[in-house]
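Peer 1: here's a sequence, model it:
(one chain, ligands or ions: 1)
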Amino acid sequence: MEIKKENLKVLFSKDQLHARIKELAQEINTLYKDEELTAICVLKGAVIFATDLIRELDMPVQIEFIRLSSYGSSTTTSGKVNAVDIKLPDLNNKNVLIIEDIVDTGLTAKFLIDFMHLNFHVKSLKFCSLLDKKITRKVDIEPDYYGFDVDDKFVVGYGLDYDGYYRNLPYIGYIE
Ligand code: 5GP
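Peer 2: Sure, this is the predicted structure:
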């Protein structure tokens with residue numbers, strides 16, 4: 001590990017994250033009022049966000065997990081999305097909410113949205129990301145819901161890793 005926890009600057013504190021997640025959940029609760037929802041958590045990065053978010057949701061929720069990877073160095077994405085593990089139940093006629101940690105180039109989001117439409121006739125499909133890094137976008141895609149904008153920083157914590165570490169930090173930090 002090249003970076004030390006002491007060298008991380010806090011970008012979003014634990015309290016800021018929790019407050020914003022409650023707001024997002026309220027919006028989602030309003031949209032799916034009286035409906036059921038299938039939440040799809042994109043491993044590994046979205047796991048902390050997804051588990052906090054779904055606990056704020058009021059409707060009956062099923063949760064599924066999928067794993068993708070986009071190989072690159074510790075702080076860059078390669079631009080190529082690989083499906084490592086996508087085993088999903090029948091999602092035809094379901095309300096599907098994809099939960100992601102960050103939309104960066106947008107390639108992962110595009111891959112997932114295309115995948116859902118290719119494989120299922122869903123009732124509705126929404127994409128919710130904790131963070132939105134618009135400045136590095138390569139494809140024309142926007143999350144339906146997102147927590148915070150980030151500029152061109154490599155962020156870690158609250159599910160997001162540096163070389164596999166720091167996902168356990170309760171806040172989001174960045175490396176200067
Ligand atoms: P995409 O470029 O396809 O939008 O994002 C692919 C993945 O790259 C994200 O799901 C996330 O796991 C990772 N990623 C993008 N930006 C960052 C970042 O600033 N920090 C960390 N830890 N991962 C990132």
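
Peer 1: biggest helix in the chain by residues?
Peer 2: helix 14-31 (DSSP state H).

Peer 1: report the mean per-residue pLDDT for it.
Peer 2: Here helix 14-31 scores 98 as its mean pLDDT.

Peer 1: contacts for it?
Peer 2: With C-beta atoms under 8 Å, 6 or more residues apart in numbering as the test, helix 14-31 has contacts from 12, 37, 49, 52-53, 56-59, 97, 126, 128, 130, 145, 147-148, 158, 170-172. For the C-beta atoms, the positions are set from N, CA and C on the backbone; glycine is no exception.

Peer 1: which elements pack onto the helix or strand hosting Ala50?
Peer 2: Element membership for Ala50 (DSSP states H and E) is helix 47-54. Packing partners of helix 47-54 (3 or more C-beta pairs under 8 Å, 6 or more residues apart in numbering; DSSP states H and E): helix 14-31, strand 37-43, strand 61-69, strand 95-103.

Peer 1: so which of these comes closest to the ligand?
Peer 2: strand 95-103 (4.8 Å; C-beta to the nearest ligand atom).

Peer 1: does the ligand sit close to that closest one?
Peer 2: Yes - remark: strand 95-103 sits within contact range of the ligand at Glu100, Asp101, Ile102, Val103, by C-beta under 6 Å from any ligand atom.
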